[in-house]
Structures are given as structure tokens and as C-alpha cells.
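A.B. asks: 3D model of this:
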Amino acid sequence: MSNVKTDPAALRYGAPVEDSRPAAAPGVDVLSAREVPLGGPRAMLVRRTLPQRARTLIGAWCFADHYGPIDATAVGGMDVAPHPHTGLQTVSWLFDGEIEHEDTLGTRALIRPGEMNLMTGGYGIAHSEISAPGTTVIHGVQLWVALPEEHRNTGRDFQHYVPEAVRVDGAEIRVFLGSLAQSASPVRTFTPLLGAEITLEPHTAVTLSVDPAFEHGLLVDSGDVRLVDTELHPAELGYVPCGADALTVVNTSDGPARTILLGGPPFEEEIVMWWNFIGRSHEDIVRARADWEASSDRFGVVQGYPGRRLPAPALPNAVIMPRGNQPRR
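C.D. replies: Here you go, the predicted structure:
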């Protein structure tokens, strides 16, 4: 999914933020979402928890948009015109609806609930996303992963994976990246990662062994849950630093609770993220934008989209400085 804002902020990572609750229990920070419109007059609103000034990354996860359930007929469905990416991988995961993906590799793929699309846009790729005919509800998450310096100019790639559900106590778990609950994903990534959907039955708890070298984030889609004695509500993300070898998640709701668990070792590199590009310097962003506007071979062409591609917004009138996570407060 593209950031289609016409004036994307030059994000300055690591500064204090007012839209996050302080740690409610030792070891857990609660990150609140902000609403961001995607599109034109009937813009689709998404809830963004990463990045924000309180936290840039969780492992290599650098971007988390959570959207829906949205009445597709009211907003005209999802229609994101061809747009570029550099220096990252995109991870698409749906709860409801169907979305058609097409990219400059020639990939044409449907994504359905419980399936994952992972697209690698290292040196450059472009793609479009359109809700499939008959889709009445759009509901899911769009996640980005920063590529490390060694691999950030890697070639284009696309992977589709359908994880099997595993049952642990009162939880159903689908692991789309990494490993959890004796379930492992075969999908290739460039840093160790964890990505899983965890759905809990009402008033049940699950304790999961995790890698203590990872930091973790639990994003709540529906229901109210407790993570390490910290209450989390829909659209909030609970952050747990490295050191935990197990996480306990409790559904305190009368109905099912659905969450997304993200994790990875701390990403030590500083990054510049602007629009749909990730680089290491202002010059990286300037070059990527110029290449997209010039229709360079760097990004290729999405052949099947029946319309124009997205133009790049104007650059900010300032040098975009690289930033990483500052130490926790």
C-alpha cells in the first residue's frame, strides 16, 4: 500500500511524542494509533502505529497501517494506483475482503484472509492494489520491513504464503513470518522476523515462548487484551523490549480477540523514510524520487492497471536526516 498523502512528513525519529500512553506495566509501552487518510475525497482512513516519534521500528518492522472493517461500497473500494518502493519489503495480511496485487515483475496475485503477500522492493519495484470485484468489506494490515544496508539494493521479488492454523490452549495462531508455537514460515527475509495472527477465544489466555533476543509488538485488531499485565484496546500496539522469553496474552473480552504479533532483533541502522522510499540519506530519497518521476527502468511498469500511476509528492524544503530508535524513556 502506498502513502498517497501529497505532503508526506520528513519524519524525525526518536523525539518525544504525545500520542502514546506511557508504560502501564514494567516492560510494556502502549503506542496509540493516529488516523491517516489514503486517497481522494472519499479517502479510506487507516490507523497508523508505526512509525511514530516514540518508536521508529520494532525489529526491522518500520511501518504498520491497520484498516477496517470498511464498507467498500461506501468508499469505492480500494484502488491504489501503481507506485514505487525502495529499500523495504511490504507485507499484506487481510482479515476480510480480497485484494488484487500486480507488480513490475509481472506478478498478478489475489490476497485473501489468512494469506500473506510479501513483496521485496530493494533497488526498486512498483505495484498496484485494487479490491477484487464483489468485495464488500476491506479489513487488514499493511506492514513494511526495512532492509539492512547489505541488502537494501537487492532485486525485486514476490512471495505468497498461506500458513496453517495451529491451536494452543484457547488461541488460534497463523505464523506468516518466522516461527512461533512450533510453527515456522518458509518465507525468506533479510533479517530475523516474527509475524503472526493470534486469535483468542473469549476469556482465555495463552503463554507463548519467544526469542529473548527479539523485541515484540502486539497490535490489537478486535477485543480487549492484556499483555504482561498491560491492558490493550483495539488499534493500540503494545511494545515489549528484548529480554522476554515468554509472552502471555489474555483476552478479557466477551467475544473473540484478534491480534498481530510482530518481532525481531533491534534494527541498529539509522534510516530515512519518506513517501514510499527507505534510504540512508537525503540524497537516496532525492535520487529515488527523480528516477520515479523520469519513468526510469529502476521501477519498471505495471502493465495491467487501467489508469495513471501515482506521481511523487514534492520534496520537503529541508534536508531529511536519518534517525533510529532512541533509548526507551
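
A.B. asks: just the strands in the stretch 201-329 of the chain please.
C.D. replies: 205-209, 215-222, 225-227, 230-232, 237-240, 246-251, 257-264, 272-274, 277-279 (DSSP state E, counting those that start in this stretch).

A.B. asks: the spatially most central residue of the chain: what's it in contact with?
C.D. replies: With distances taken as C-alpha atoms, centre = their mean, the residue of the chain nearest its centroid is residue 143 (1.3 Å). Neighbour list for residue 143: 61, 63, 64, 65, 90, 91, 92, 93, 195, 262 [criterion: C-beta atoms under 8 Å, 6 or more residues apart in numbering]. Every residue, glycine included, has its C-beta placed from N, CA and C.

A.B. asks: what strands flank whatever helix or strand it lives in, and is each parallel or antiparallel?
C.D. replies: In the assignment (DSSP states H and E), residue 143 maps to strand 137-146. Sheet pairing of strand 137-146 (DSSP bridges) gives strand 61-71 (antiparallel), strand 88-96 (antiparallel).

A.B. asks: columns mean pLDDT on top of those strands, output as JSON lines?
C.D. replies: Listed next are those as JSON lines, based on pLDDT from 0 to 100:
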{"stretch": "strand 61-71", "mean pLDDT": "96"}
{"stretch": "strand 88-96", "mean pLDDT": "98"}
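
A.B. asks: about what we covered before: okay, and the beta partners of the residue nearest to the centre of the chain?
C.D. replies: Beta-bridge partners for residue 143, by DSSP bridges, are residue 64, residue 91.

A.B. asks: now do the helices in the protein.
C.D. replies: 72-75, 282-293 (DSSP state H).

A.B. asks: deepest-packed of these, please.
C.D. replies: helix 282-293 (a mean of 18; mean count of other C-beta atoms under 10 Å).

A.B. asks: hmm, who's touching it?
C.D. replies: Against helix 282-293 from outside (C-beta under 8 Å, 6+ apart): 84, 86-87, 124, 126, 272, 274-275, 277, 279, 298-299, 311-312, 315, 319-321.
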